[in-house]
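>>> Here is a sequence together with a model predicted from it:
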Amino acid sequence: MRQIVLDTETTGLDWRNGDRVIEIGCVELLNRNLTGSHYHVYINPERGIDAEAVAVHGITEDFLTDKPKFRDIVDGFEAFVRDAELVIHNANFDVGFLNHELSLLGRAKLDVLCAGVVDTLRMAKEQNPGKKASLDALCDRFEINNSARTLHGALLDAELLADVYLAMTRGQESLIMTLEEPVPGSAEAGGVLVERPPLAVLRASDEELAEHARVLQDIVKATKGSCLWIPPASEAGAPAG
């Protein structure tokens with residue numbers, strides 16, 4: 001199971017108003033383990049950046065002047081995320097921006113390129129209704145060190161989100177079953193198949209049956225006839241008076 005934890009930074013809040021992606025950060029999970037593989041790029045948006053956005057992520061127009069444009073990095077981005085499940089906090093925001101960038105180049109959108117999207121913001125709200133669900137709040141809840149997060153940054157936020165996601169879904173790894181994995185002890189797993197001998201059936205002797213009946217009669221006397229192990233005469237096959 002390959003998952004890509006993804007985050008973006010943008011020039012503003014709405015791609016419909018012409019805002020663009022300026023940073024993409026991704027980290028890879030394979031069977032719920034961080035592989036160390038990541039994808040990170042700054043992008044020249046070919047437009048200005050809102051002052052409010054700069055206050056959030058600290059990325060300026062001057063910094064992005066010599067950075068590649070989205071059309072220059074799209075092949076590498078698609079190759080990294082292709083066929084993986086995406087894990088994104090507030091997925092509608094990032095997916096909307098990335099789909100817009102892809103559509104400007106006539107490329108397939110993420111729902112075609114990837115295997116699906118997990119929205120950790122929605123997941124957090126479902127798990128803890130009414131509680132704060134920002135990335136910082138989740139880091140606090142799951143005791144994940146986010147002291148380096150003085151400003152938003154796509155790669156750092158993706159790394160933090162990966163830790164948050166694993167903490168939020170802890171226990172699900174026991175539900176992951178590999179169909180190709182051999183059954184422990186089987187020949188495929190290197191074990192030796194041994195034919196079991198038939199089970200021996202030990203029947204009570206006449207003496208043991210007589211002793212058992214005697215004990216039951218003692219119980220009948222002690223309980224004045226209410227012994228559960230002795231059925232009524234009609235049930236035992238005795239003729240009904």
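Right, received. Where do you want to start?
>>> tell me which residues in stretch 28-44 are buried?
28, 29, 38, 39, 41, 42, 43, 44 (16 or more other CB atoms under 10 Å). All C-beta atoms are positioned from the backbone trio N, CA, C, and that covers glycine.
>>> scratch that, stretch 95-104
By 16+ other CB under 10 Å, the buried positions in stretch 95-104 come out as 95, 96, 97, 98, 99, 100, 101, 102.
>>> in what helix or strand does residue 34 lie?
Secondary structure assigned from DSSP states H and E places residue 34 in strand 33-42.
>>> my bad, residue 71
Since the elements are taken from DSSP H and E, residue 71 ends up inside helix 70-81.
>>> swap in residue 143?
Applying DSSP H and E, one finds residue 143 in no helix or strand.
>>> Could you report the neighbour count for it?
Residue 143: 8 surrounding residues under other CB atoms under 10 Å.
>>> now it: how far from residue 83?
33 Å (CB to CB, to the nearest Å).
>>> wait, what's in contact with residue 18?
Residue 18 is in contact with residue 47, counting by CB atoms under 8 Å, 6 or more residues apart in numbering.
>>> can you tell me how far it sits from residue 48?
10 Å.
>>> What of residue 141?
Computed as CB to CB, the residue 141 to residue 48 distance reads 36 Å.
>>> which of the two has more neighbours?
Set side by side, residue 141 and residue 48 show more neighbours around residue 141, with 17 against 13, by other CB under 10 Å.
>>> What pLDDT is listed against that one?
With respect to pLDDT, residue 141 scores 94.
>>> how near is it to residue 124?
9 Å.
>>> okay, and the common contacts of these two?
The contact sets of residue 141 and residue 124 overlap at residue 131 (CB under 8 Å, 6+ apart).
>>> Spell out the secondary structure type for the closest residue to residue 144 other than its chain neighbours.
Nearest residue to residue 144, sequence neighbours excluded (CB to CB, 6 or more residues apart in numbering): residue 163, at 4.8 Å. Secondary structure assignment for residue 163 (DSSP: H, G, I helix; E, B strand; the rest coil): helix.
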